[in-house]
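pasted the sequence and its predicted model underneath.
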Amino acid sequence: MDNLIYNHNDTICAISTAPGVGGIAVARISGAQAFEITGKIWVGKNLEEVTSHSAHLGKVLDSEGEELDEAVATVFRAPASFTGENVVELSVHGSRWIQAQLIQSLIAAGCRMALPGEFTRRAFASGRLDLAQAEAVADMIASSSKASHRIAMSQMRGSFSKKIDAVRDELVQLASLLELELDFSEEDVEFASRERLLELSDTLSVRLNKMAQSFRTGEAIKEGVPIAIIGKTNAGKSSLLNALVAEDRAIVSDIHGTTRDIVEDTAVIGDFLVRFQDTAGIRDTEDPIENIGIERSRNAAQNARLVLYVLDSEAGVTPQDAKDELESIDRERLIIVANKMDAVDNFDSESWAKLFRDVEIIHCSALIGSGLDELRMAISKRLEAETANDDIIVTNARHAAALAKASNSLRDFARSIRENVPTDLAAQDLRQAIYSLSVITGSISTPEILQNIFKKFCIGK
Ligand SMILES: Nc1nc2c(ncn2[C@@H]2O[C@H](COP(=O)(O)OP(=O)(O)O)[C@@H](O)[C@H]2O)c(=O)[nH]1
Ligand SMILES: [Mg+2]
């Protein structure tokens with residue numbers, strides 16, 4: 001069905017810059033006839049004759065043949081272009097009207113309007129990018145922090161695909177040894193040493209599973225790392241949220257129990273996009289609605305990558321308080337924020353340090369804004385530590401699912417070998433693992449998979 005709407009042979013066009021008015025807008029034209037069709041609406045050098053990767057000033061015409069705008073045409077000759085086809089990029093003035101007229105004119109000259117993601121899809125079809133790289137193009141465009149940009153860039157350049165292909169190659173080798181053995185099964189020979197086979201499949205299964213698990217981190221980096229702001233009522237949690245996102249996001253008041261639901265907002269902290277979650281203060285209350293809020297606070301603390309536990313320095317803390325706070329959250333995820341420092345004359349930092357041994361304490365005032373840079377630094381350091389190892393971080397749910405599947409198949413394979421299941425049966429799991437990995441980079445793909453991936457792109461990408 002996919003093939004009905006998808007045709008590689010025609011020449012497509014779309015505005016590739018963001019919708020709306022900009023200084024300039026760029027129309028992209030790609031296909032075998034890109035130069036010929038563009039030539040019909042172009043007044044200037046003959047685009048079929050100019051060298052590849054050159055830019056030329058000229059004029060574009062509307063569908064009536066009237067002069068529409070001055071334009072710069074950049075020419076990329078196949079196969080050295082993004083799509084692998086002949087490509088022209090026409091830069092015109094950014095008016096919406098000019099953009100619409102230009103597309104109309106190109107269509108009248110013989111182009112077809114591109115489908116969502118079709119340029120990238122053609123890049124995949126012509127072998128310029130594998131599937132994981134094509135998906136990274138979308139991530140790259142959507143990246144909103146240095147960390148997500150870094151991952152998308154490395155994936156776009158193929159480092160992720162290389163690792164996947166390396167594992168896949170090892171599995172293919174294993175499989176071919178097994179196949180060889182099957183061919184000679186009458187003679188009862190063992191080509192593949194059972195021990196080596198098990199060792200390799202166990203190692204690879206663990207490695208693939210680790211990659212699949214990295215999706216939790218990858219997703220957080222892409223969508224924003226959840227950081228919960230927790231503490232008793234009136235500690236200054238909502239004030240802290242507002243200070244950190246530099247906006248009056250949550251209601252602040254001295255009435256206990258003001259915040260009842262989770263209030264979320266994002267900010268960029270260091271290299272990371274972060275989702276701060278302000279929560280209902282934890283206290284004993286009869287109010288059923290507030291209690292639902294408190295339950296949500298506890299869930300948020302459970303699911304967050306980091307927890308900022310806000311304490312009121314003015315009110316002080318008792319050993320019992322400290323015990324309560326510390327027991328609920330593991331320390332690697334915990335930063336204690338001693339708030340309202342502006343209201344304290346002599347802060348007893350020694351006894352706090354004793355109460356919260358091994359936990360990082362940041363002193364600040366959400367009211368006057370002191371200590372916030374230290375807090376941001378502490379958050380950024382923790383997140384960096386988590387993503388520092390140069391292992392692959394998976395940012396795509398499709399890849400994570402395929403990796404988990406491959407890992408499971410390999411585990412099943414190893415189990416079968418251990419239990420002396422006939423080799424031809426065991427080999428099926430091995431083949432399944434290879435298949436799952438092939439689907440990631442697209443060396444095996446189905447129209448459904450492709451359609452699912454590229455429909456998430458916008459037109460023009
Ligand atoms: N002096 C001082 N007051 C603060 C500070 N942060 C918050 N407050 C006050 O403490 C009260 C409770 O603040 P709020 O942010 O609503 O606390 P929440 O219940 O933890 O969300 C409000 O009256 C705030 O103005 C601070 O750093 N210093
Ligand atoms: Mg609040």
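Received it, and whenever you're ready, just let me know what you need. Residues are numbered from 1 along each chain as shown. Ligands and ions are numbered 1, 2, ... in the order given.

confirm for me that Leu102 is in contact with Asp69.
Yes: contact status for Leu102 versus Asp69: in contact at 7.5 Å, counting by Cβ atoms under 8 Å. Glycine gets a C-beta too; all of them are placed from N, C-alpha and C.

all strands for the stretch 1-150 of the chain, in order.
Remark: strands assigned in the stretch 1-150 of the chain by DSSP state E, counting those that start in this stretch are 12-15, 24-30, 42-43, 54-61, 67-76, 87-93, 112-113.

about what we covered before: please say which of Leu102 and Asp69 ends up with more neighbours.
Taking neighbours as other Cβ atoms under 10 Å, Leu102 and Asp69 compare with Leu102 leading, 24 against 19.

against Ile440, how distant is the more buried one?
Distance from Leu102 to Ile440, counting by Cβ to Cβ, to the nearest Å: 38 Å.

coming back round to it: between the strands of the stretch 1-150 of the chain, which gets nearest to Ile459?
Checking the strands of the stretch 1-150 of the chain against Ile459 by Cβ to Cβ gives strand 12-15 as the closest, at 5.0 Å.

centre of the chain to the closest one, how far?
Distance of strand 12-15 from its chain centroid, counting by Cα atoms, centre = their mean, to the nearest Å, is 26 Å.

how about that strand: buried residues?
Neighbour counts over strand 12-15 (16 or more other Cβ atoms under 10 Å) mark Ile12, Cys13, Ala14, Ile15 as buried.

who touches it?
Strand 12-15 has contacts (Cβ atoms under 8 Å, 6 or more residues apart in numbering) with 25-31, 99, 102-103, 106-107, 111-115, 118-119, 122, 459-460.

I'd like the mean pLDDT over it, please.
Across strand 12-15, the average pLDDT comes to 97.

partners of it in the sheet?
strand 24-30 (antiparallel), strand 112-113 (parallel) (DSSP bridges).

could you dump those strands into CSV and include mean neighbour count?
Output for those, formatted as CSV (neighbours: other Cβ atoms under 10 Å):
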stretch, mean neighbour count
strand 24-30, 23
strand 112-113, 14
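
so which of these comes closest to Val225?
Closest of these to Val225 is strand 24-30, at 33.6 Å (criterion: Cβ to Cβ).

show the average pLDDT along the closest one.
97.

send over it as PDB, restricted to the C-alpha atoms.
Extracted in PDB, the C-alpha atoms of strand 24-30 (Å, rounded to 0.1, in the frame of the first residue of the first chain):
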ATOM      1  CA  ILE A  24      14.700  34.000   3.700                       C
ATOM      2  CA  ALA A  25      12.800  30.800   2.900                       C
ATOM      3  CA  VAL A  26      14.300  27.800   1.200                       C
ATOM      4  CA  ALA A  27      12.500  25.600  -1.200                       C
ATOM      5  CA  ARG A  28      14.100  22.200  -1.800                       C
ATOM      6  CA  ILE A  29      13.700  20.300  -5.100                       C
ATOM      7  CA  SER A  30      14.900  16.800  -5.400                       C
END
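
next, the angle strand 67-76 makes with that strand.
Following axes from the mean of the first three to the mean of the last three Cα atoms, to 10 degrees, one obtains 60 degrees for the angle between strand 24-30 and strand 67-76.

up against ligand 1, what does the chain have?
Listed as neighbours of ligand 1 in the chain under the rule Cβ under 6 Å from any ligand atom: 231, 233-239, 252-254, 258-259, 281, 339-340, 342-343, 365-367.

what about 5 Å?
Contact residues, the chain versus ligand 1 (Cβ under 5 Å from any ligand atom): 233-239, 252, 254, 259, 281, 339-340, 342-343, 365-367.

near ligand 2, which of those residues show up?
Lys237, Ser238, Thr259 (Cβ under 5 Å from the ion).

now for the first one: which residues touch it?
Put plainly, it is Lys237. Contacts of Lys237 (Cβ under 8 Å, 6+ apart): Ile229, Ile230, Gly231, Ala250, Thr259, Asp278, Thr279, Gly281, Val310.

now with 10 Å, please.
Neighbouring residues of Lys237 by Cβ atoms under 10 Å, 6 or more residues apart in numbering: 228-231, 250, 252, 258-259, 263, 276-282, 297, 308-310, 337, 339, 366.

could you do Glu386 as well?
Glu386 touches Thr217, Ala220, Ile221, Val225, Phe272, Arg305, Leu306, Glu332, Arg333, Ile393, counting by Cβ under 10 Å, 6+ apart.

circling back to that earlier point, any chance of the ones next to ligand 2 among the residues of the chain next to ligand 1 in a markdown table, plus secondary structure and distance to Gly371?
Below are these laid out as a markdown table (DSSP: H, G, I helix; E, B strand; the rest coil; distance: Cβ to Cβ, whole Å):
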| residue | secondary structure | distance to Gly371 |
| --- | --- | --- |
| Lys237 | helix | 15 |
| Ser238 | helix | 17 |
| Thr259 | coil | 21 |
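
counting neighbours, what do you get for the residue nearest to Gly31 when sequence neighbours are not counted?
Nearest-residue entry for Gly31: Thr11, 2.8 Å, with adjacent residues in sequence omitted and distances by Cβ to Cβ, 6 or more residues apart in numbering. Counted with other Cβ under 10 Å, the neighbours of Thr11 add up to 24.
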